[in-house]
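1. model this:
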Amino acid sequence: MFEKLAELITEGEIQKALYEFQDEYFHIQEMLPSDASKLCVLEASIWEALNDGTAELKALYKGLNYDHTNYEIYYMLGLYYTNINVNWAYLCMEMALDHCTNEEDANVIRSSFDGLKNSPGLRVRGTTVMVLSYNDKDIIKKCLESVEKYSPSATTEVVVVDNSSTEKEVIDYLKELETGATSFKLPIKIIFSPENLGFPKGCNIGADKADKDNDIFFLNNDAILTPLALFWLRMGLYDNRNVGAVSSFSNSASLQEIDQKDLERFVTDSVELQNEKEIILKALQAEDGKPWHKAVGPDIAYEAFSKYSLSKEIEYKNPYIKTFRLTGFALLVGGNALDAVSIEGKVFDEVFSPGYFEDDDLGIRLACAGYEQYICKNSFIYHNGGGGFEGHADAMERGREKFEEKWGFDIWGFSLPWQSACDEVIRLSRLNKGILKVLDFSCGLGANASYIKSIEPDVYIAGVCPNSFAAAVAGRIADATAFGEANTTRLPWADHSFDVVIAEKTFVSKGQIGRFLKPSGVSINEDVFPL
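-> All right, here's what the predicted structure looks like:
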């Protein structure tokens with residue numbers, strides 16, 4: 001298939017090849033995914049010959065959407081990134097080798113891969129996937145099968161800590177994995193705890209058993225990977241040296257959750273019988289507080305979520321959202337960051353046992369240590385979630401109290417952006433084609449900056465924070481920060497230099513707002529955009 005197109009490219013007849021490609025591309029939606037992916041490889045070859053790097057990258061990413069196992073795409077991405085980010089190039093070549101079944105091609109890939117290993121700046125580590133197990137054989141089996149299927153086998157190990165499961169089926173399954181009675185292609189270590197230690201202590205035991213040279217991917221036992229989830233997380237972790245931890249979007253994850261409305265059509269498309277569709281649709285629209293994925297069941301929910309993830313065009317521009325905390329259901333932490341923030345060798349502070357807010361605490365420690373944290377827009381992980389901790393109905397509220405006792409503030413008060421104000425900044429940015437300077441007196445820990453920059457990354461945001469601690473945390477997200485009393489502190493920016501000022505007039509005077517606002521600028525406050 002595509003012999004004529006391939007021949008034209010090989011012969012250097014690029015203009016003719018472009019016309020031939022356009023004829024073929026017209027039918028791409030009718031093709032098998034593997035054929036569509038091959039066509040994208042040829043398209044990328046055309047743009048490479050025409051020296052159009054952006055179009056080449058877009059074609060390769062599009063090809064991954066069609067077929068995530070196409071090793072030629074990973075190989076071409078590896079070549080593309082060699083002089084841009086050697087760590088990305090290494091990760092792509094690793095995936096190319098993992099998927100390649102042609103020995104001749106594998107030798108070519110291996111030669112390029114080996115050539116990267118002595119490159120200055122290469123710092124990619126292996127990955128330990130650390131899973132905390134407790135009951136529910138079906139869901140942990142799906143979790144581990146997804147890890148096995150979608151992780152590069154040469155550089156991934158799995159550590160499972162069973163938190164004293166009471167279901168014999170779970171114990172038997174894990175023992176089969178431990179003894180090799182069940183086929184599992186990745187190295188795996190199983191630790192059976194004689195008591196349920198909760199989340200922080202259980203994860204710390206697993207982290208202690210991990211290869212000390214690895215990054216650690218903390219994954220809930222009720223979380224299931226989609227095909228490219230871990231790959232894009234690792235690409236995010238190695239975006240630059242300042243990144244300490246990354247996480248994914250999910251159907252159920254605090255502040256990383258996809259809108260249910262965006263998933264509805266994929267849910268109803270995942271069943272064939274009309275009466276089932278109607279039942280599921282009613283469940284989705286119910287206002288009983290029950291999560292949609294609980295209403296339809298994990299099998300349908302995961303299938304729908306996977307279809308959603310494959311429907312999303314892979315973002316090659318601005319694929320990351322900077323934040324100051326990440327949800328611990330699926331959290332990849334870099335080895336250097338682990339060394340920097342662990343307390344007496346423990347990643348999670350065990351004061352938060354049995355669980356909740358230990359991930360928020362880790363996020364603050366990472367930010368204080370100078371590390372950035374990303375939500376990766378291209379990474380999607382299904383999370384069954386919502387189980388809580390048996391015998392600890394008050395665990396969430398107690399965790400919240402413990403966090404406030406430790407850090408001196410309630411993180412829930414800083415987690416959400418000022419939505420209406422941020423939406424207005426985004427609207428103004430689009431009118432100004434991204435050229436906008438914003439002074440945010442409501443910066444807090446950087447929630448406004450995180451939200452705005454996730455959509456309009458070119459907006460310049462300076463934040464005013466109440467103290468040095470907040471300024472340090474927000475400084476990992478905003479372009480610049482200062483701290484002090486909003487009305488009296490000498491701020492380091494020129495008068496009348498901002499297009500937009502975000503300020504609650506209850507706390508910031510009109511004079512202070514006017515001082516920094518351009519004559520033609522816009523003041524966003526609660527009078528016009530209520531909280």
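2. hey, C-alpha coordinates of the strand ranked longest in the chain in CSV?
-> With secondary structure taken from DSSP state E, the chain has its longest strand at strand 372-383. Coordinates of the C-alpha atoms in strand 372-383 are reproduced here as CSV (Å, rounded to 0.1, in the frame of the first residue of the first chain):
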residue,chain,number,x,y,z
GLU,A,372,8.0,22.3,38.5
GLN,A,373,5.1,19.9,38.3
TYR,A,374,3.1,19.2,35.2
ILE,A,375,-0.3,17.9,34.2
CYS,A,376,0.3,16.3,30.8
LYS,A,377,-2.5,17.1,28.4
ASN,A,378,-1.6,14.1,26.2
SER,A,379,-1.7,11.5,29.0
PHE,A,380,-5.0,9.9,30.0
ILE,A,381,-5.5,7.3,32.8
TYR,A,382,-8.8,5.8,33.8
HIS,A,383,-9.5,5.9,37.6
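3. mind listing what's buried in the very next helix or strand once past that strand?
-> Next in sequence after strand 372-383, counting helices and strands by DSSP states H and E, comes helix 395-407. For helix 395-407, the buried set under the neighbour-count rule, 16 or more other CB atoms under 10 Å, comprises 395, 398-400, 402-403, 407. For glycine as for every other residue, the C-beta is placed from the backbone atoms N, C-alpha and C.
4. one more: stretch 332-344?
-> By neighbour count, and taking 16+ other CB under 10 Å as the criterion, the buried residues in stretch 332-344 are 332-338, 341-342.
5. let's test this: name the helix or strand in the protein with the lowest mean pLDDT.
-> Of the helices and strands making up the chain, the lowest-confidence element is helix 274-285, at a mean of 64, by mean pLDDT, DSSP states H and E.
6. looking at the buried residues of stretch 332-344, which are in strands?
-> 332-333.
7. make TSV from the buried residues of stretch 332-344 and add pLDDT and distance to Ile190 to it.
-> As requested, the buried residues of stretch 332-344 are arranged in TSV below (pLDDT from 0 to 100; distance: CB to CB, whole Å):
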residue	pLDDT	distance to Ile190
Leu332	98	21
Val333	98	22
Gly334	98	25
Gly335	97	23
Asn336	97	28
Ala337	98	26
Leu338	97	22
Val341	97	27
Ser342	96	23
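8. would you mind giving the buried residues of stretch 332-344 as JSON lines with distance to Pro291 added?
-> As requested, the buried residues of stretch 332-344 are exported to JSON lines (distance: CB to CB, whole Å):
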{"residue": "Leu332", "distance to Pro291": "24"}
{"residue": "Val333", "distance to Pro291": "27"}
{"residue": "Gly334", "distance to Pro291": "31"}
{"residue": "Gly335", "distance to Pro291": "34"}
{"residue": "Asn336", "distance to Pro291": "36"}
{"residue": "Ala337", "distance to Pro291": "31"}
{"residue": "Leu338", "distance to Pro291": "31"}
{"residue": "Val341", "distance to Pro291": "31"}
{"residue": "Ser342", "distance to Pro291": "33"}
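9. just give me the closest of the buried residues of stretch 332-344 to Ile216.
-> Distance from Ile216 was checked for each of the buried residues of stretch 332-344 by CB to CB. The minimum falls on Val333, at 5.5 Å.
10. residues in contact with the closest one?
-> When contacts are counted by CB atoms under 8 Å, 6 or more residues apart in numbering, Val333 is found next to 215-218, 244-245, 347, 362, 366.
11. quick check: the farthest pair among the buried residues of stretch 332-344?
-> Looking at the buried residues of stretch 332-344 by CB to CB, the two members farthest from one another are Leu332 and Ser342, with 15.5 Å of separation.
12. got the CA coordinates for stretch 49-65 in CSV?
-> The C-alpha trace of stretch 49-65 is given here as CSV (Å, rounded to 0.1, in the frame of the first residue of the first chain):
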residue,chain,number,x,y,z
ALA,A,49,12.2,16.9,2.7
LEU,A,50,10.5,20.3,2.5
ASN,A,51,12.2,21.3,5.8
ASP,A,52,8.9,22.1,7.5
GLY,A,53,9.6,20.8,11.0
THR,A,54,6.2,21.8,12.5
ALA,A,55,4.2,20.0,9.8
GLU,A,56,6.5,17.0,10.2
LEU,A,57,5.9,16.8,13.9
LYS,A,58,2.2,17.2,13.5
ALA,A,59,2.0,14.4,11.0
LEU,A,60,4.0,12.0,13.3
TYR,A,61,1.8,12.8,16.3
LYS,A,62,-1.3,12.3,14.2
GLY,A,63,0.1,8.9,13.2
LEU,A,64,0.4,7.9,16.8
ASN,A,65,-3.2,8.6,17.3
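13. any residues touching it, and which ones?
-> Residues external to stretch 49-65 that are found in contact with it (CB under 8 Å, 6+ apart): 9, 12, 14, 18, 36-41, 43-44, 47-48, 70, 73, 76-77, 80, 228, 310, 312-314, 316.
14. and it, what's its mean pLDDT?
-> For stretch 49-65, mean pLDDT is 97.
15. go through it and flag the buried ones.
-> For stretch 49-65, the neighbour count (16+ other CB under 10 Å) marks 56-65 as buried.
16. how about the strands in the chain?
-> Using DSSP E, the strands of the chain run over residues 127-133, 156-162, 188-192, 215-220, 223-225, 243-249, 320-323, 330-333, 372-383, 437-440, 460-465, 480-483, 498-502, 517-524.
17. so where do the helices sit in the stretch 101-250 of the chain?
-> In the stretch 101-250 of the chain, the helices defined using DSSP state H, counting those that start in this stretch lie at 103-116, 137-150, 168-179, 198-209, 229-237.
18. out of the buried residues of stretch 49-65, which two sit at the greatest distance?
-> Every pair in those was compared (CB to CB); the two farthest apart turn out to be Glu56 and Asn65, at 15.5 Å.
19. where in the stretch 201-350 of the chain is pLDDT low?
-> For the stretch 201-350 of the chain, the stretches with pLDDT under 70 are 270-290.
20. can you check the stretch 401-531 of the chain too?
-> Counting by pLDDT under 70, the stretch 401-531 of the chain contains low-confidence residues at 527-531.
21. what's the spacing between Val159 and Val131?
-> Spatial separation of Val159 from Val131 under the definition CB to CB, to the nearest Å is 7 Å.
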